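1. Below are the sequence and a predicted model for it; my questions follow.
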There are 2 protein chains.
Amino acid sequence: MPVLNESSFFTEENSAEIVISRNGNAKNERLNQIMASITRHLHAAVKEIEPSQEEWMAAIQFLTSTGHTCDNWRQEYILLSDVMGVSMLVDSINSRRPSGTTENTVLGPFHLEGAPAMEFGANICLDMKGEPMVVNGRITDVAGRPLEGVKLDVWQANNEGFYDVQQKGIQPDFNLRGVFRSRTDGSYRFRGVKPRHYPIPNDGPVGQLLNKLGRNNRRPAHLHFVISAEGYQEVTTHIFVPDDPYINDDAVFGVKESLLRDFVHIDNSAKAAEYGVANPFYEVEFNVVLAEANS
Amino acid sequence: MPVLNESSFFTEENSAEIVISRNGNAKNERLNQIMASITRHLHAAVKEIEPSQEEWMAAIQFLTSTGHTCDNWRQEYILLSDVMGVSMLVDSINSRRPSGTTENTVLGPFHLEGAPAMEFGANICLDMKGEPMVVNGRITDVAGRPLEGVKLDVWQANNEGFYDVQQKGIQPDFNLRGVFRSRTDGSYRFRGVKPRHYPIPNDGPVGQLLNKLGRNNRRPAHLHFVISAEGYQEVTTHIFVPDDPYINDDAVFGVKESLLRDFVHIDNSAKAAEYGVANPFYEVEFNVVLAEANS
């Protein structure tokens, strides 16, 4: 029998090192580094869990079923990433900014390119359903100087918790979406409807997993923003309704303390007339501080 | 604004703890424990890798594509588990046995239930293709006492590296498969063909990943066994041809030092006639030591 190098064979002890050692000829150093890290942590998890063969097969079936649930209109693996906190973690890693600037949160799956450009104070709600809401704010740099012409791409679910793309033919196209620009003094304003909480899709393997884990599958009420200006870091974020029943239990972990905003109930006919909304209504203030591109 | 418990919100620092804390109402304590371990190690890997948003999306697409490649006849997630060394690690964890007993290795995807029962010395090769091989061995307990009536379920790829189920209509059904029983003295014997190395499926996302990593996608030549007897631990294993060019580079990490066996080339007409094979042929000895069920 030929002499063999025993250390090259897989054992329970050396398992991760042996697998990683095979990647010496990787065509891409970054891929090599990523796979080494994944392999090390995956093997550590398996050694800690010590799965039975049946548990291993259940994991294989869960991953397969999650893949089979994905189609052109549904991405169950992004949902899995979301409910595992991975999407928020990747967002956090990629949006570290100086203290005092506006924080990021997840983009979510419902952003659309091509929303209509709208004037200061315009109403993004095209079907007039729900409780009226006015959002006011000012965009500045870290020194408090107003920034003019900043682009605000805003979108939200309707008063029943659905985005337009989830209710094609029921809601008008581009309902509750608009692109605004800040004025010379940095101010912006738009009208919409008070948002409400809604469930993430719960009829697939990820929803079933949340159910088995006894976890909430709802997102607390929020409005979405992508705020961008040349020379500044783009901000993808939400503002949240702080007294939402799920504010401490967002299924995708998107809530940050700094993104809570009072949605103030206003009963004032004169003010309502000034804003062009029915009385009573909700008013929210969301001031934004942008970090310079290289800070 | 209501007073909120800031610690309940997700941050880059507390990410895994926050996700795990949501599972307090899990219906199954084992699932809770498994998800906690997976979450901790997954977040640690993400923090180490610091993926860009584009890299995160590439991972989502890889997982989705691996799911879409699975069908009733192909299991790309098992293949991924195999090439990541996870299948072997789970097998190792579930088959720790006393020193001196025969070691396990992975079952692989080509085992079939219902292979025909065969007599001592029978030939499992139904189409007579390839170089003849005789396998001889003795099955004992750890004290060296022969074990009678032990069931040996054996299967192998043909001389071109394909299993019967991969060549339906080309190979006879149940080609190179048989179930044997040890005799009073613990001995067993069967005839087959000298195995050769073969590639794992390389036309899907897992094959593409191995290619990008510069990894070999072949398995070294081997024979499969499942050996079972009441009162003893079942052994699922292979024996390997030690001078195979891929013996140190099995794509699924199945090789163990203790499972290498000399495939001896014999040129002896009298012995060939005794075994009922053409001359020359290969002869292999594989003695098996079973551990008691509760050892």
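-> Received, thanks.
2. Phi first, then psi, for A:N94.
-> The phi/psi pair for A:N94 (degrees, to the nearest 10) reads phi -90, psi 0.
3. what's it in contact with, if anything?
-> A:N104, B:S52, B:Q53 (C-beta atoms under 8 Å, 6 or more residues apart in numbering or on different chains). C-beta coordinates here come from the backbone N, C-alpha and C atoms, glycine included.
4. Could you rerun that using 10 Å?
-> A:N104, A:T236, B:E50, B:P51, B:S52, B:Q53, B:E54, B:E55, B:W56 (C-beta atoms under 10 Å, 6 or more residues apart in numbering or on different chains).
5. buried residues in the strand or helix carrying the last one?
-> So that's B:W56. Assigned by DSSP states H and E, B:W56 falls within helix B:53-69. Counting neighbours by 16 or more other C-beta atoms under 10 Å in any protein chain shown, one finds that the buried residues in helix B:53-69 are B:E55, B:W56, B:A59, B:I60, B:F62, B:L63, B:T64, B:S65, B:T66, B:G67, B:H68, B:T69.
6. could you pull out the helices for chain A?
-> Per DSSP state H, chain A carries helices over the ranges A:15-21, A:29-49, A:53-69, A:76-83, A:86-93, A:205-212, A:269-275.
7. Out of these, which is closest to A:Y232?
-> helix A:86-93 (17.8 Å; C-beta to C-beta).
8. Could you list every helix and strand in contact with that closest one?
-> Applying 3 or more C-beta pairs under 10 Å, 6 or more residues apart in numbering or on different chains; DSSP states H and E, one finds that helix A:86-93 contacts helix A:76-83, helix B:15-21, helix B:29-49, helix B:53-69.
9. how about a markdown table for these, with distance to A:G24 and mean pLDDT added?
-> Below are the helices and strands packed on helix A:86-93 laid out as a markdown table (distance: least, C-beta to C-beta, whole Å; pLDDT from 0 to 100):
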| stretch | distance to A:G24 | mean pLDDT |
| --- | --- | --- |
| helix A:76-83 | 30 | 96 |
| helix B:15-21 | 31 | 96 |
| helix B:29-49 | 19 | 97 |
| helix B:53-69 | 21 | 97 |
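10. I'd like these laid out as JSON lines, including distance to B:L79.
-> Converted to JSON lines, the helices and strands packed on helix A:86-93 look like this (distance: least, C-beta to C-beta, whole Å):
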{"stretch": "helix A:76-83", "distance to B:L79": "18"}
{"stretch": "helix B:15-21", "distance to B:L79": "29"}
{"stretch": "helix B:29-49", "distance to B:L79": "20"}
{"stretch": "helix B:53-69", "distance to B:L79": "8"}
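11. residue in the stretch 151-295 of chain A nearest to chain B?
-> Going by C-beta to the nearest C-beta, chain B is nearest to A:G214 of the stretch 151-295 of chain A, at 2.8 Å.
12. what's the distance between A:R138 and chain B?
-> 19 Å (C-beta to the nearest C-beta, to the nearest Å).
13. Contact partners for that residue?
-> A:144, A:146-147, A:182-183, A:185-188, A:285-289.
14. Near chain B, which residues of the stretch 151-295 of chain A are found?
-> Residues of the stretch 151-295 of chain A that fall close to chain B, judged by C-beta under 10 Å from any C-beta of the partner chain: A:209-216, A:236, A:242-243, A:247-262.
15. Buried among those residues? Make that a PyMOL selection.
-> Of these, the buried ones can be selected in PyMOL as follows, counting by 16+ other C-beta under 10 Å:
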select buried, chain A and resi 209+210+213+215+216+236+242+247+249+250+251+252+253+254+255+256+259+260+261
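16. Just to be sure, which of the residues of the stretch 151-295 of chain A next to chain B are found in strands?
-> A:T236 (DSSP state E).
17. Also within reach of chain A: list those from the buried residues of helix B:53-69.
-> B:E55, B:W56, B:A59, B:I60, B:F62, B:L63, B:T64, B:S65, B:T66, B:G67, B:H68, B:T69.
18. what's the nearest residue to the third one if we skip its chain neighbours?
-> Using C-beta to C-beta, 6 or more residues apart in numbering or on different chains and skipping residues adjacent in sequence, the residue nearest B:A59 is B:P51, 7.1 Å away.
19. contacting residues around that neighbour?
-> With C-beta under 10 Å, 6+ apart, B:P51 has these contacts: A:R30, A:I34, A:S37, A:V86, A:L89, A:V90, A:I93, A:N94, B:A45, B:M57, B:A58, B:A59.
20. measure the second one to A:N14 for me?
-> A:I34 is 21 Å from A:N14, where distance means C-beta to C-beta, to the nearest Å.
21. neighbour count winner among those two?
-> A:I34 (19 against 14; other C-beta atoms under 10 Å in any protein chain shown).
22. show me what contacts that one?
-> Counted by C-beta under 10 Å, 6+ apart, A:I34 has contacts A:A26, A:N28, B:A45, B:E48, B:I49, B:P51, B:E55, B:A58, B:A59.
23. Could you dump those into TSV with distance to A:N202 added?
-> Below are those laid out as TSV (distance: C-beta to C-beta, whole Å):
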residue	distance to A:N202
A:A26	39
A:N28	38
B:A45	27
B:E48	32
B:I49	30
B:P51	27
B:E55	29
B:A58	27
B:A59	24
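24. closest to B:E230 among these?
-> After measuring the contacts of A:I34 against B:E230 - C-beta to C-beta - the closest member comes out as B:A45, at 43.7 Å.
25. Apart from its chain neighbours, what residue comes closest to the closest one?
-> Leaving aside its chain neighbours, B:A45 sits nearest to A:H41 (3.9 Å; criterion: C-beta to C-beta, 6+ apart).
26. burial measure for that neighbour, as a count.
-> 22.
27. now swap in the one 4 residues further on and tell me
-> A count of neighbours around A:A45, defined by other C-beta under 10 Å, yields 20.
28. And for A:F162?
-> Neighbours of A:F162 (other C-beta under 10 Å): 17.
29. isn't it right up against A:H197?
-> No - the criterion here is C-beta atoms under 10 Å, and A:F162 misses it with A:H197 at 11.9 Å.
30. for the stretch 101-250 of chain A, what are the low-confidence residue spans?
-> Across the stretch 101-250 of chain A, nothing is flagged by pLDDT under 70.
31. Excluding chain neighbours, what is closest to the residue in chain A positioned nearest to chain B?
-> Residue nearest to chain B within chain A: A:G67 (1.0 Å; C-beta to the nearest C-beta). Leaving aside its sequence neighbours, A:G67 sits nearest to B:G67 (C-beta to C-beta, 6+ apart; 1.0 Å).
32. same deal with A:G214?
-> Here the residue nearest A:G214, using C-beta to C-beta, 6+ apart, is B:N25, at 2.8 Å.
33. Quick check: the one you found touching B:L31?
-> No - here B:N25 does not reach B:L31: they are 11.5 Å apart, not a contact under C-beta under 10 Å.
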